[in-house]
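[1] Got a predicted structure plus its sequence, pasted below:
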Number of protein chains: 2
Amino acid sequence: MVPTRAATLANSCANTYYHPVPDSLVPRPVTARDVAARAGVSQPTVSLVLSGNPTARLSPETRARVKRAARELGYRPNVAARGLARGRSYALGILVPDLGNPFFADVASGAQRVAAEEGYAVLLAEAREVEPSRHLEALRARRVDGIIIDAVGASDLDPDLLAGFNVVLIDEPSTRWPGVASDALGAGRVAADHLLSLGHRRLAFMGPAIDVHTFRQRERGFTGTLRAAGVTLSSAALQRARPTVGGGQDAMRALLAMPERPTGVFCANDLMALGALKACARAGVAVPGAVSIVGCDDVELARVVTPELTTIAIPARELGARAARMLARQLDGTGKRVAGSRPLPVTLKVRGTSGPAPKDLA
Amino acid sequence: MVPTRAATLANSCANTYYHPVPDSLVPRPVTARDVAARAGVSQPTVSLVLSGNPTARLSPETRARVKRAARELGYRPNVAARGLARGRSYALGILVPDLGNPFFADVASGAQRVAAEEGYAVLLAEAREVEPSRHLEALRARRVDGIIIDAVGASDLDPDLLAGFNVVLIDEPSTRWPGVASDALGAGRVAADHLLSLGHRRLAFMGPAIDVHTFRQRERGFTGTLRAAGVTLSSAALQRARPTVGGGQDAMRALLAMPERPTGVFCANDLMALGALKACARAGVAVPGAVSIVGCDDVELARVVTPELTTIAIPARELGARAARMLARQLDGTGKRVAGSRPLPVTLKVRGTSGPAPKDLA
DNA sequence: TTGTAAGCGTTATCAG
DNA sequence: CTGATAACGCTTACAA
């Protein structure tokens, strides 16, 4: 029993240091050949039995013998070898901007769950400190069967980087690749409706300057709905800042400094909203008494702040899950045709940061 | 230009639907053989030139020819094939309980960063809805060169599942594998010192019932320091709950219901602390006026709540990064011997949720 | 029903 | 210095 021997070896050493098991002790992985030898058949027969090939017509007896041998030896087919032979890697890449944003962590989580179910591995690629292009090159070198890209601006990437890849986009429409998206336009609309129905007329929006489709749509949905209701946004009420807590804080400070301070603010995402909330707390501005704040995403933390954040829930895990499923379908798909699904519905979560507009200002 | 053709094809279709490029249009990846043909050399020569093998003594002229051909063709070596030949996959697995916890997201982020630097891919394995054992089987099938395991209780796993793997543990000591850890004992100690120095004598701890080493140590460090200072914890002041926001909320409610309510609480992690903070807010208990709260981890959100959370910062990304580096060293290591590093220092972040003990109770 | 042979894209060990 | 040749572990015709 190798593990035990290794443990004994290590136990005899000082606690803080580790002595690895000598090479001779780590057993070479079991191969199909080993199984074949033990079962008394040829190696390809093993492959036929174990790879579930429907064309294989083998005697039940051989089947059983092979399976037993495999079990006894603890045989695991080498996926890389299989991939080489079949021309597929059974691996998916997922490219996200930043795992520190719980939204993307959720997307990754959802994607990995489905991928695992479908027999794919998920290669993590975070564009936080490594260039997307480097990641893409690495994924290409690994011949991943497909890539999920979320909010990394796939359209802005050098087309060559993506050439030949099977891509599914999250929250970014494209004529070139299929994708899944949330109803970003609807999110903005719902936020506007909510604030309007509470009597707010002096409104503001904060979002990033960069051209990320989802953010743009949320903004459009918001401003469009306001316009339709005869409410206009002054340019100062349209704050540009990074889509982070810090950005939200900055933006809110600017809004609070306006001569005619807005009473209702829609933030492009929850991180910004949390920053905004914080800026209000710092400035001693009552929420929702003086200012109502609406976020977007519904990350878990939205419910931990006090008051709890009113926000629009975006099904992050579901987005990731669907993207992975879509890729999987497209890959083992006999019918290679994949339809881009309708935008996933978003839902308003009315919580503690939104309330009636202050009467003296309504 | 394939991409353009594909785009044109798709453009002619309805917006919501996607028509994939016919197989004939997606180019077979270029192989070393293609490069060899174009450079007028044998295929193995290409390998020699491009794989940076130091033993290779080739004429500079051939070298140049091969490199040029490779560049012109956009050649990328197939990592799976290389892995097959070299008996390594150049892939690392990372097994974490839950990406929804920003702490683990950070660990993964750090690990992926250095793995990318070192030329390894990172296979994501989240034990949230998939059994660790399934993940480990999958990683074995892929012949990953190593695995990073964080807080999944590696010691409790069936040893066979891990047999033969190169493992680095995060925050879990083991005689069997090397690992990196934060100074969990120190974290508890620092928390205790902080609260004691603020005059608190009626103290409490909340943490999970499950036997996760880090949490245990934080607890031990805390209670041990208190004991040394002559302060004892009543059993009711030792709350067991899940290490989540919800768990923290429950635990805090229980603490607030005590006849002699504690004035200072140390929470096993920030999520619990945030829950505790929230429970206080709900119950109208002033923080830090009536109760001081200290968390652990210093997740980003610790600074978004009001008042900001006093907590012990654990270098999550650094833990992930070191684990990956350690694995990498151990793998391409000529000197296969790897030392488990000393625990990473933790640092107290005094913020808004801790203050002097109320005078009437001190 | 099963074994043989060829090949997937590399690397590594040899002769030439 | 360079080019065959044989692995690596598996799949898939094609024979037997």
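    Structure's in. What do you need?
[2] so who does the residue of the stretch 251-362 of chain A found nearest DNA strand C touch?
    When scored by Cβ to the nearest atom of the strand, the stretch 251-362 of chain A has A:L331 as its residue closest to DNA strand C, at 17.5 Å. Yep, even glycine has a C-beta here, placed from its N, CA and C like the rest. Residues in contact with A:L331, defined by Cβ atoms under 8 Å, 6 or more residues apart in numbering or on different chains, are A:R88, A:D145, A:G146, A:N166.
[3] and stretch A:301-308, average pLDDT?
    For stretch A:301-308, mean pLDDT rounds to 92.
[4] Would that stretch count as contacting chain B?
    Yes - using Cβ under 8 Å from any Cβ of the partner chain as the criterion, contacts between stretch A:301-308 and chain B involve A:L301, A:R303, A:V304, A:V305, A:T306.
[5] surely the third one meets B:A281?
    Right, A:V304. No - under the criterion of Cβ atoms under 8 Å, A:V304 makes no contact with B:A281, lying 9.8 Å away.
[6] Who are the contact partners of A:L139?
    Contacts for A:L139 were tallied using Cβ under 8 Å, 6+ apart; they are A:G93, A:L95, A:L123, A:A125, A:I147, A:F165.
[7] Run the chain-centre distance for the helix or strand where it lies.
    Under the criterion DSSP states H and E, the helix or strand holding A:L139 is helix A:132-141. On the basis of Cα atoms, centre = their mean, to the nearest Å, the separation between the geometric centre of helix A:132-141 and that of its chain is 18 Å.
[8] mind exporting it as CSV, just the C-alpha atoms?
    Extracted C-alpha coordinates of helix A:132-141, given in CSV (Å, rounded to 0.1, in the frame of the first residue of the first chain):
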residue,chain,number,x,y,z
PRO,A,132,-6.9,37.9,-22.6
SER,A,133,-4.7,37.3,-25.7
ARG,A,134,-2.3,35.2,-23.6
HIS,A,135,-5.1,33.2,-22.2
LEU,A,136,-6.6,32.6,-25.6
GLU,A,137,-3.2,31.4,-26.9
ALA,A,138,-2.9,29.0,-24.0
LEU,A,139,-6.4,27.7,-24.6
ARG,A,140,-5.6,27.2,-28.2
ALA,A,141,-2.4,25.3,-27.4
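[9] moving C-terminal of it, what's the next helix or strand?
    Next along the chain after helix A:132-141, taking DSSP H and E as the criterion, comes strand A:146-150.
[10] check whether that following strand contacts chain B.
    No - judged by Cβ under 8 Å from any Cβ, strand A:146-150 stays clear of chain B, getting no closer than 11.5 Å.
[11] Now do that strand: everything it contacts.
    Contacts of strand A:146-150 from elsewhere in the structure, counted by Cβ under 8 Å, 6+ apart, are A:92-97, A:104, A:107, A:111, A:136, A:139, A:162, A:165-172, A:319-320, A:323-324, A:327, A:330-331.
[12] Please narrow those residues to those residing in strands.
    Among the contacts of strand A:146-150, DSSP state E puts A:L92, A:G93, A:I94, A:L95, A:V96, A:V167, A:V168, A:L169, A:I170 in strands.
[13] In three-state terms, label A:T311 for me.
    Classification of A:T311 using DSSP: H, G, I helix; E, B strand; the rest coil returns strand.
[14] List the buried residues for stretch A:107-124?
    Of all the residues in stretch A:107-124, those buried under the rule 16 or more other Cβ atoms under 10 Å in any protein chain shown are A:107-116, A:118, A:120-124.
[15] any idea which of those is closest to B:R201?
    Taking Cβ to Cβ as the measure, A:S109 is the one of these closest to B:R201, at 42.5 Å.
[16] Spatially nearest residue to that closest one, not counting backbone neighbours?
    Once flanking residues are discounted, A:S109 sits nearest to B:L99: 4.5 Å by Cβ to Cβ, 6 or more residues apart in numbering or on different chains.
[17] from the ones in strands among the contacts of strand A:146-150, which is closest to B:H200?
    Once Cβ to Cβ is applied, the member of the ones in strands among the contacts of strand A:146-150 that ends up nearest B:H200 is A:V96, at 42.0 Å.
[18] What sits closest to the closest one if chain neighbours are left out?
    Taking Cβ to Cβ, 6+ apart, and ignoring the residues beside it in sequence, A:V96 has A:F104 as its nearest neighbour in space, at 4.3 Å.
[19] and the one you found, what does it touch?
    Shown in contact with A:F104 (Cβ under 8 Å, 6+ apart): A:V96, A:P97, A:D98, A:D150, A:A151, A:A316.
[20] Determine the number of other residues adjacent to the nearest residue to the fourth one once chain neighbours are set aside.
    Using Cβ to Cβ, 6+ apart and skipping the chain neighbours, the partner closest in space to A:D150 is A:I170 (3.9 Å). Summarising burial for A:I170: neighbours were counted as other Cβ atoms under 10 Å in any protein chain shown, giving 27.
[21] Cross-check the contact I'm expecting between A:I170 and A:A154.
    No - at 9.6 Å, A:I170 and A:A154 do not qualify as touching, with contact defined as Cβ under 8 Å.
[22] hey, where'd the strands end up in chain A?
    Applying DSSP E to chain A gives strands spanning A:91-96, A:121-126, A:146-150, A:167-170, A:179-180, A:203-207, A:238-240, A:264-267, A:292-297, A:310-313, A:347-349.
[23] in its sheet, what does the third one sit against?
    Within its sheet, strand A:146-150 is paired with strand A:91-96 (parallel), strand A:167-170 (parallel), according to DSSP bridges.
[24] Keep only those of the buried residues of stretch A:107-124 that are in helices.
    Using DSSP state H, A:V107, A:A108, A:S109, A:G110, A:A111, A:Q112, A:R113, A:V114, A:A115, A:A116, A:E118 are the members of those that sit in helices.
[25] which one of the residues you listed is nearest DNA strand D?
    For these, with DNA strand D as the reference and Cβ to the nearest atom of the strand as the criterion, the closest is A:E118, at 16.4 Å.
[26] Tell me the pLDDT of the nearest residue to that closest one once chain neighbours are set aside.
    Computed as Cβ to Cβ, 6+ apart, the closest residue to A:E118 that is not its neighbour in sequence is A:A328, at 4.2 Å. If you check A:A328, the pLDDT there is 92.
[27] Can you pull out the low-pLDDT segments for chain A?
    By pLDDT under 70, the weakly predicted segments of chain A are A:1-27, A:333-340, A:361-362.
[28] Go ahead and flag the most central residue of it.
    What sits nearest the mean C-alpha location of chain A, by Cα atoms, centre = their mean, is A:V107, with 2.2 Å.
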